[in-house]
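[1] Would you be able to build a 3D model of this:
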Amino acid sequence: MSQYKSALILIDIQNDYFNDGKLPLHQPEAAASKAASILSWFRSRGETVIHVQHENTDTSKPFLLAGSIGQKIHDSVAPKDGEVVITKGYPNAFWETELETTLKQCGVTSIVIVGMMTHMCVSTTARAAMERGFTVKVLADACATRSLGLFGKEISAELVHTTALAELQMLADVVNCESYRLDA
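    Modelled structure (predicted):
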């Protein structure tokens, strides 16, 4: 049993990242299913759960637009009454939000991160959490991302995902959901 008070942070598991959305990721359903399983596990233990929802106000990037169906948190991990939902406008879920204050008010010292996109908001938030003194775990199989391009070359979603997680290993514990449950 962990000596730390933990919180689950679900980052940007929103409709636009699924197959019918405006910026579909690679295998978002699989990641969301794992995230839903961990969410259920946290709820059953009465631990802190925080949902983070990106809100885009830049209409030149027409995804996750404020008030749209695409911006809505996916039904598979929908917040229950009493669970905190934090809206952010930047990749870092701590930037210009109440996330840090909320975690401290709950006595949280350790955070578990799941969500979308691995290389962007998950990675940025994990780094920011470490900088603020939190112990961080990222559940690799409950995260998803997409292919990226650079200098005319496509980098597969699998490689982007794996690289982003590999980079986090010096700052966070990167494990799969089952390993996390066994160690908790």
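[2] quick one: the strands in the protein?
    6-11, 48-54, 84-88, 110-116, 135-144, 148-150, 153-155, 173-175 (DSSP state E).
[3] Among the ones you listed, single out whichever gets nearest to residue 29.
    Nearest to residue 29 among those is strand 135-144 (8.8 Å), distances taken as CB to CB. Glycine gets a C-beta too; all of them are placed from N, C-alpha and C.
[4] Could you give me the buried positions within stretch 13-22?
    Residues of stretch 13-22 classed as buried by neighbour count (16 or more other CB atoms under 10 Å): 13-18, 21-22.
[5] Return the subset of those residues lying in helices.
    Among these, none falls in helices (DSSP state H).
[6] could those go into a markdown table alongside pLDDT and distance to residue 107?
    As requested, these are exported to a markdown table (pLDDT from 0 to 100; distance: CB to CB, whole Å):
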| residue | pLDDT | distance to residue 107 |
| --- | --- | --- |
| 13 | 98 | 25 |
| 14 | 98 | 28 |
| 15 | 98 | 32 |
| 16 | 98 | 34 |
| 17 | 98 | 31 |
| 18 | 98 | 34 |
| 21 | 97 | 36 |
| 22 | 97 | 38 |
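[7] Between those residues, which sits nearest residue 175?
    For these, the residue nearest residue 175 by CB to CB is residue 13; the value is 18.7 Å.
[8] quick check: mean pLDDT across the top helix by length along the chain?
    Longest helix in the chain by number of residues, with DSSP H as the criterion: helix 28-44. Averaged across helix 28-44, pLDDT comes to 97.
[9] With stretch 119-130 instead?
    Computed over stretch 119-130, the average pLDDT equals 98.
[10] end to end, how far does stretch 66-73 reach?
    Taking CA to CA, to the nearest Å, the first and last residues of stretch 66-73 lie 12 Å apart.
[11] List the buried residues in it.
    Within stretch 66-73, the residues that count as buried by 16+ other CB under 10 Å are 68, 70-71, 73.
[12] ok, back up a step: can you list the buried residues in the longest helix of the chain?
    Using 16+ other CB under 10 Å as the test for burial, helix 28-44 gives 28, 31-32, 34-39, 42.
[13] again, but for stretch 158-173
    Neighbour-count burial for stretch 158-173 flags 160-161, 163-165, 168, 172-173 (criterion: 16+ other CB under 10 Å).
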